[in-house]
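A predicted structure for the sequence below; I have some questions about it.
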Amino acid sequence: MGIQFDSKNKTFHLQAKDTSYVMEILHEGYLVHLYWGRKINTYRHSNFLQFLDRGFSGNPYQHKDDRTFSLDTLPQEYPQYGNTDFRKPAYQIQLENGSTITDLRYQTHSIFKGKAPLEGLPATYTECDNEAETLEITMEDSLIGLKVILSYTVFEQFNVITRSVRFINEGSQSLKLVSAHSLCVDFRDADFEFLHLHGAHVKERHIERLPLMNGIQSVESTRGASSHQHNPFIALLRKGTTEDSGEVYAFNFVYSGNFLAQAEVDQFRNTRVTMGINPFDFNWKLEPNEAFQTPEVVMVYSSEGVGSMSRTFHELYRTRLVRGNYRDRERPILVNNWEATYFDFNADKILDIAETGRELGIELFVLDDGWFGKRNDDKSSLGDWFVDRQKLPEGLNHLALRVKELGLDFGLWFEPEMVSVDSDLYREHPDWCLHVPGRNRSESRNQLILDFSREDVCYEITKRVCNILASVPISYVKWDMNRHMTEIGSAALPPERQRETAHRYMLGLYKVMESITSSFPHVLFESCSGGGGRFDPGMLYYMPQTWTSDNTDAVSRLKIQYGTSLVYPIVTMGSHVSAVPNHQVHRSPSIQMRGDVAMSGNLGYELDLSNLSVDEKEIVKEQVSHYKEIRQLIQFGDFYRLQSPFEGNETSWLFTTKDKTEAIVYYFRVLAEPAAPTAVLRLKGIDHSKQYRVDGTDQVFGGDELSYVGLAIPVEIKGDFQSFVWHLKEL
Ligand code: DGJ
């Protein structure tokens, strides 16, 4: 178990609960990949490497007399460029002489219990050393004094392996990293499908699954954020893999900025997967004695389909990525005023909504954008984090206290990384934003991005946010970010370091978030980037939940939340009931369906509660009180997907407690269908030997019957936009 090194065969065997990962050091020090997949007890080279003389695959100098040895055909752990491998390398370094050739060989390794933190970066962690074992393999290019440490951590019980890489310049010349992936896996075949999550603002994390083609298939972000457009997640699936069966090899990047995830199928049908900081528009100067740490990749292998992969990610992220007071605590039901008022509010309006919220059982009021500077629209004031006395004449503290007196906690919106051109901050410090001298500064939503690669900027913004958090009784912060990077450059960096700006920005942001979240441990932080534009494990390390999408339409949310659930735990997904017709797509699902979709995540409301009819208020009150009963199950239970919104008109999913004594099943049908079949829904994840009562009825079924025979979907469900819920409790 854990990590074994066979010194005779020079093989490393990493074993997690159901997974094995094997590498070998060849005699010249090349580190080759031998196996990743279902767990085996002992590896004895049944798939030994076979060497062939392949045309146009050259031979490294030491093998010049052996035409069968080429790096071009070797499955490697961290391949280099320039000495016979023509595929994409895992990294590339430019030397002072202009060359980009390096030659890494194994030097030494160490194995230790536990996992070391990654300096300045978000990463999974252990609570005690026995939970994980780490292997660090030091590779060296002795000609230039470059050391590259490949780290592998095995979380045995979580069934996860994480990887990252550290570059250390021990030579005397200045090196330039032009690419530095966090991982490479060379598979010895290409019989896979490529699964990824793509999207757009208000349409995040839609699932796409395509056969792997010859050549390169990739997803990436060049936007300075992990992005709505592509999530830093890919998986290779064996053909025929389903939710419940088949092999899945999944990769998720613990980073919130530009990334590249790619699979390259070579001429011999091998597949090379690399994932890391996007090399596009990136380089990093590494002076002698400096080091560069790549972010982490979490690798999950599942032999039981995509569902099991998701539950593995969920468990690890819920307990060993997310941190802080709220990690294991039920999350409050909130009401947010954004879609209720947008910028047009005053203290009375806010208190009206909060008061109705209290009557309905809501626990937290969140004051969204528009409370600071003179922000009556999105054209000004970002950076001026001082209360707008026109709107809130008695100040923020007074308002927060009034909300608290009503019995709700108070939460506040910030967009700390941004600055409006029309702001005192920008007038005082026009060089504090990302920009390139002599070039116009492109705006997006009328705003520019503060240069978080600069310490002075980070310091000032941290101070401004902390001043408010220290002087107002705030229990929750929504941390927004509403544009992507253009004219990326920093006034504080020399020309040769300009291409470091985007990554330095992320390091600055992580430092700011670490400082603020650790100074206010009682505050629940929710990250947001125009909805789910930075829904990634990097942000979740600092902030335990994310606003899933600016699209609050219940029908759109089926796909968005289903796609998000592939990787990210339910408890991390902010999910609100909003008004109809919906503001993004102008659709009008029933209040029941809106509630059921929102209750399948972290429930909140985002509408003017004081405008609801008496009947609607009753329904909301009922939803809120029901959610309080089930939220432990929803937020901390196991999640099973039953029917996919990407495959049809119906969606369903199920939550069970760990001990399977309780489960809740949500079924959604988007449109009414003529001549529809009378269908059944077969359940998953429940205990076949237990007897369950359907709550609110006297029906009792065995778990086996519910799983094999299924539950009849009531034909009484009529019309468009319907939902139905079964709550099962062990008898
Ligand atoms: C984008 C967010 O996703 C919205 O929920 C809201 O907070 C607005 N920004 C406010 O500007």
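Looks like it came in fine.

residues from the stretch 501-650 of the chain in reach of the ligand?
Residues of the stretch 501-650 of the chain found near the ligand (CB under 6 Å from any ligand atom) are C528, G530, G531, W547, D550. Any C-beta I mention is one placed from the backbone N, CA and C, and that applies to glycine too.

rerun at 8 Å
C528, S529, G530, G531, W547, D550, E606 (CB under 8 Å from any ligand atom).

what does the stretch 251-400 of the chain give?
Contact residues (CB under 8 Å from any ligand atom) of the stretch 251-400 of the chain with the ligand: N336, W338, E339, D368, D369, G370, D378.

so which of those residues is the closest to the ligand?
D369 (3.5 Å; CB to the nearest ligand atom).

confirm for me that the closest one is in contact with N482.
No - D369 is not in contact with N482 according to CB atoms under 8 Å; the separation is 9.0 Å.

report the buried residues of the host helix or strand of K463.
Counting by DSSP states H and E, the element that carries K463 is helix 455-471. For helix 455-471, the neighbour count (16 or more other CB atoms under 10 Å) marks V457, C458, E460, I461, T462, R464, V465, I468, L469 as buried.

you'd agree the fourth one is up against L509?
What it means is I461. No - using CB under 8 Å, I461 is not in contact with L509, being 9.9 Å away.

who touches both of those two?
E417, F452 (CB atoms under 8 Å, 6 or more residues apart in numbering).

quick check, distance from the helix holding K463 to the centre of its chain.
26 Å (CA atoms, centre = their mean, to the nearest Å).

what's the answer for stretch 46-65, then?
On CA atoms, centre = their mean, the centre of stretch 46-65 falls 40 Å from the chain's centre.

report how many residues lie close to the spatially closest residue to H13 that is not a sequence neighbour.
Leaving aside its chain neighbours, H13 sits nearest to Q4 (4.8 Å; criterion: CB to CB, 6 or more residues apart in numbering). When neighbours are defined as other CB atoms under 10 Å, Q4 has 16 of them.

follow-up on the earlier one: output the residues of the stretch 501-650 of the chain next to the ligand as JSON lines; include the columns neighbour count, distance to R163 and secondary structure.
Below are these laid out as JSON lines (neighbours: other CB atoms under 10 Å; distance: CB to CB, whole Å; DSSP: H, G, I helix; E, B strand; the rest coil):
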{"residue": "C528", "neighbour count": "27", "distance to R163": "29", "secondary structure": "coil"}
{"residue": "S529", "neighbour count": "28", "distance to R163": "26", "secondary structure": "strand"}
{"residue": "G530", "neighbour count": "20", "distance to R163": "31", "secondary structure": "coil"}
{"residue": "G531", "neighbour count": "25", "distance to R163": "30", "secondary structure": "coil"}
{"residue": "W547", "neighbour count": "28", "distance to R163": "29", "secondary structure": "strand"}
{"residue": "D550", "neighbour count": "21", "distance to R163": "33", "secondary structure": "coil"}
{"residue": "E606", "neighbour count": "24", "distance to R163": "39", "secondary structure": "strand"}
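
separation between the residue nearest to H13 and the ligand?
48 Å (CB to the nearest ligand atom, to the nearest Å).

which ones are touching that residue?
Q4 sits in contact with F12, H13, Q15, where contact means CB under 8 Å, 6+ apart.
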